[in-house]
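Asker: Predicted structure and sequence below. I'll ask about it afterward.
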Amino acid sequence: GLVVTCSSEKKDLSKYLRAKSHIIGYGSPIIGHSDEPSFLKNLAENDLRIVFSGRFDKKKNLPLLIKSMPQVLSKYPEVILDIAGSGSAREVKGVCQLVSSLRLEHNTKFHGWIDSKSMKKLLASSTLLVLPSENENFAIVVAEALSLGIPCVVSKNVGTADIVFKHSAGEVIDELTPSSIADGINKILQGDRNALRKAALKAARDELDWSKIALQWKSIIASLT
C-alpha cells in the first residue's frame with residue numbers, strides 16, 4: 001500500500017498504484033477552540049494582515065499575490081502583506097522591485113526565513129493566509145494556519161484546498177490571476193471574522209487533529225498486515 005497526503009497526490013499515481021493508495025494528511029497541534037471566547041474576542045477590525053509563507057519559487061506565484069494588492073488596497077488601504085520566506089538573490093531582487101514599482105512599500109513587510117515559533121506568532125496575528133501556488137501537495141502552512149483559527153485563500157492546486165472548501169474555512173481560487181486572488185482576499189476581509197475563525201478551527205479539529213491522524217494510520221496498518 002501507498003500513503004499519500006491528499007487527493008491530488010493520489011491522482012498523480014498510475015491507475016495501478018492509485019488503487020493501492022490511501023490518503024492520510026499531516027496533523028497539526030490545535031491552538032484554541034471555537035467555544036473559547038478568549039481566543040476569539042478583541043479582534044481588531046482595522047488590524048488587517050495577510051500572510052504569505054514559502055520560497056520565492058515560480059510555482060508559489062508570489063508575484064501574482066503582490067500584483068493583486070492594489071485591488072485589495074483600493075477597498076482596504078490599511079492592509080499589510082507579511083511575506084515570510086526567501087529565495088535566490090535574483091528572486092528576492094525581482095520581488096522587491098515589483099513591490100517598489102507598485103508603490104507597495106508601506107503595505108509590505110519582508111520577514112525572511114523565520115523559525116516555527118515565530119511563524120506561529122505571525123500567523124496568529126494575521127487575518128488570513130494566502131497560498132496561490134500552481135501546484136502544492138499538502139501545504140503544511142495551511143494546516144498550521146487553520147489550527148490557529150486563520151482562514152486561508154488557496155488555489156485549487158493546493159492539496160489542503162479540499163479541507164478549506166469542505167469547511168468554508170476560506171476561499172479556493174480556480175483561476176490564477178491577480179484579480180481572482182484579490183477577489184478571494186476581499187471576500188475574507190469583508191466576511192464575518194469570528195465565523196471564519198470558528199470554521200478554520202473546526203476544519204483543523206475534524207481533519208488535522210493528530211489523534212485522528214494516528215487512528216487512520218492504525219486502521220491502514222492493520223489492514224495491510
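Answerer: Good, I have the coordinates.
Asker: pretty sure Ala200 contacts Ile163?
Answerer: No: the pair Ala200 / Ile163 is not scored as a contact, 9.7 Å apart, by C-beta atoms under 8 Å. Just so you know, the C-beta spots here come from the backbone N, C-alpha and C atoms, and that holds for glycine as well.
Asker: shared neighbours, these two?
Answerer: Leu146, Ala169 (C-beta atoms under 8 Å, 6 or more residues apart in numbering).
Asker: Check the burial of Asp183 by counting its neighbours.
Answerer: 17 (other C-beta atoms under 10 Å).
Asker: and Ala200, what is it in contact with?
Answerer: Ala145, Leu146, Leu148, Gly149, Ile150, Pro151, Cys152, His167, Ala169, Gly170.
Asker: Looking at those, which is nearest Asp206?
Answerer: His167 (7.0 Å; C-beta to C-beta).
Asker: From Ala203, how far off is the closest one?
Answerer: 4 Å (C-beta to C-beta, to the nearest Å).
Asker: returning to what we had before: looking at the contacts of Ala200, spot the one nearest Ser133.
Answerer: Cys152 (11.9 Å).
Asker: I'd guessed the closest one sits against Val142; true?
Answerer: Yes: shown here, Cys152 and Val142 form a contact pair, counting by C-beta under 8 Å, at 5.3 Å.
Asker: list the residues that contact both of those two?
Answerer: Common neighbours of Cys152 and Val142 (C-beta under 8 Å, 6+ apart) are Leu129, Leu131, Thr160, Val164.
Asker: So in this structure, where's the weakest helix or strand by average pLDDT?
Answerer: Least confident helix or strand, the chain: helix 37-40 with a mean of 46, by mean pLDDT, DSSP states H and E.
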